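S.K.: mind looking at a prediction? Sequence and model below.
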Amino acid sequence: MTDNKIKKDKKKDSKISAEAVEKVLSNKAEEQELKKTRFRPNIIITGTPGCGKSTLSKTLKDISELKINLFNISEYAKENKIFESYDESRDSHVIDEDELLDRLESQLRKGGCIIDWHCNDIFPERLIDLVVVLRCGTSALYDRLKARNYKDSKIQENIDAEIMSVVLEDALESYDKRIVIELQNDKDTNIQENVDKVKTWIEQWVLDNKSGVTNEVDEFYKDREMPEDWDSDEE
Ligand SMILES: Nc1ncnc2c1ncn2[C@@H]1O[C@H](COP(=O)(O)OP(=O)(O)OP(=O)(O)O)[C@@H](O)[C@H]1O
Ligand SMILES: [Mg+2]
């Protein structure tokens, strides 16, 4: 926020202005203490709409010993009003991805985050330790989306995306394939099975990375090839 904006806010309402100043200062303080190393893994839980991302993410968050910091990106974007435009054809807001990444960077650097979102390819590789792609059979997915009263065209669009593994392909293009896993999530019993798998994976990661892993670009790409489309402004 610029000084001019703060002055304008001050004129409008001194209480709001104080909050605005506080927010700028706390963002600055956060920037100054960006962690160089994380000791808990960051996980993206992704998949076609309706495949069960939020159900799995919330159940993991409820396991207090895992100390999960959960970001449901659709809700987070709404709460923080980080939209860049409105897509009339889809009847939905388009999230400002640069703003989203700017805000999440300091959180991801602390580790222990779960990102719940159907998009998975915008987060920097150096900050992500596991990408869980939930998969759901056509008939279960149809029932779930129908129960939400989605239009038939929207149901079909999502079922086609699931059949064509669109979300999995995005994940495999954006991250090392060794950190991308698929978990089937058709029936009730899958929920606990998947929770147990991810929990065990987190615990093993912590044991395997006692010295932590780097959040820093230079360190991360020391022994790796830099992506061709890497943009220094994004990192
Ligand atoms: N393994 C499962 N077996 C049966 N039903 C499930 C399972 N997992 C989730 N569900 C149900 O499917 C519906 C969709 O789940 P959920 O909201 O978690 O999906 P989502 O991937 O987060 O969807 P969106 O992308 O729209 O946010 C919910 O009604 C949920 O209770
Ligand atoms: Mg959800």
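M.R.: Now that the structure is in, tell me what you want to look at. Ligands and ions are numbered 1, 2, ... in the order given.

S.K.: which residues of this structure lie near ligand 2?
M.R.: By the rule Cβ under 5 Å from the ion, the part of the chain lying against ligand 2 is 53, 54. Where C-beta positions appear, they are placed from N, C-alpha and C, glycine not excepted.

S.K.: ok, 6 Å please
M.R.: 53, 54, 116 (Cβ under 6 Å from the ion).

S.K.: most neighbours, which of these?
M.R.: residue 53 (26 neighbours; other Cβ atoms under 10 Å).

S.K.: can I assume it is in contact with residue 117?
M.R.: Yes: assessed by Cβ atoms under 8 Å, residue 53 is found in contact with residue 117 at 7.4 Å.

S.K.: which neighbours do these two have in common?
M.R.: Here residue 53 and residue 117 have residue 46 as joint contacts, going by Cβ atoms under 8 Å, 6 or more residues apart in numbering.

S.K.: distance to ligand 1 for the residues of the chain next to ligand 2 - can I get that in TSV?
M.R.: Output for the residues of the chain next to ligand 2, formatted as TSV (distance: Cβ to the nearest ligand atom, whole Å):
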residue	distance to ligand 1
53	4
54	3
116	6
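
S.K.: nearest to ligand 2, of these?
M.R.: residue 54 (3.2 Å; Cβ to the ion).

S.K.: residues contacting that closest one?
M.R.: Going by Cβ under 8 Å, 6+ apart, the list of residues near residue 54 reads 72, 116.

S.K.: same check on residue 201?
M.R.: residue 130.

S.K.: so where do the helices sit in this structure?
M.R.: Ranges of helices in the chain, per DSSP state H, are 3-12, 14-32, 53-61, 73-80, 97-110, 138-147, 152-163, 166-174, 188-208, 217-220.

S.K.: roughly how far does the residue lying closest to residue 112 once chain neighbours are set aside sit from residue 107?
M.R.: Once flanking residues are discounted, residue 112 sits nearest to residue 40: 3.7 Å by Cβ to Cβ, 6 or more residues apart in numbering. Separation of residue 40 from residue 107 (Cβ to Cβ, to the nearest Å) stands at 12 Å.

S.K.: look at the two and report which has more neighbours.
M.R.: Between residue 40 and residue 107, residue 40 has the larger neighbour count (other Cβ under 10 Å), namely 20 against 16.

S.K.: pLDDT score assigned to the more buried one?
M.R.: Listed pLDDT for residue 40 reads 97.

S.K.: go on, residue 16?
M.R.: Reported pLDDT for residue 16: 66.

S.K.: extract the CA atoms of stretch 34-48 and return them as PDB.
M.R.: Output of stretch 34-48 as PDB, limited to C-alpha atoms (Å, rounded to 0.1, in the frame of the first residue of the first chain):
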ATOM      1  CA  LEU A  34      11.400 -15.100   5.800                       C
ATOM      2  CA  LYS A  35      12.600 -18.500   6.800                       C
ATOM      3  CA  LYS A  36      15.500 -20.000   4.800                       C
ATOM      4  CA  THR A  37      14.700 -23.600   5.900                       C
ATOM      5  CA  ARG A  38      11.600 -25.600   6.600                       C
ATOM      6  CA  PHE A  39      11.300 -28.600   8.900                       C
ATOM      7  CA  ARG A  40       7.800 -29.700   8.000                       C
ATOM      8  CA  PRO A  41       6.600 -30.500   4.500                       C
ATOM      9  CA  ASN A  42       4.200 -28.500   2.300                       C
ATOM     10  CA  ILE A  43       1.600 -30.600   0.500                       C
ATOM     11  CA  ILE A  44      -0.700 -29.700  -2.400                       C
ATOM     12  CA  ILE A  45      -4.000 -31.700  -2.300                       C
ATOM     13  CA  THR A  46      -5.500 -31.400  -5.700                       C
ATOM     14  CA  GLY A  47      -7.900 -33.000  -8.100                       C
ATOM     15  CA  THR A  48     -11.000 -32.400 -10.200                       C
END
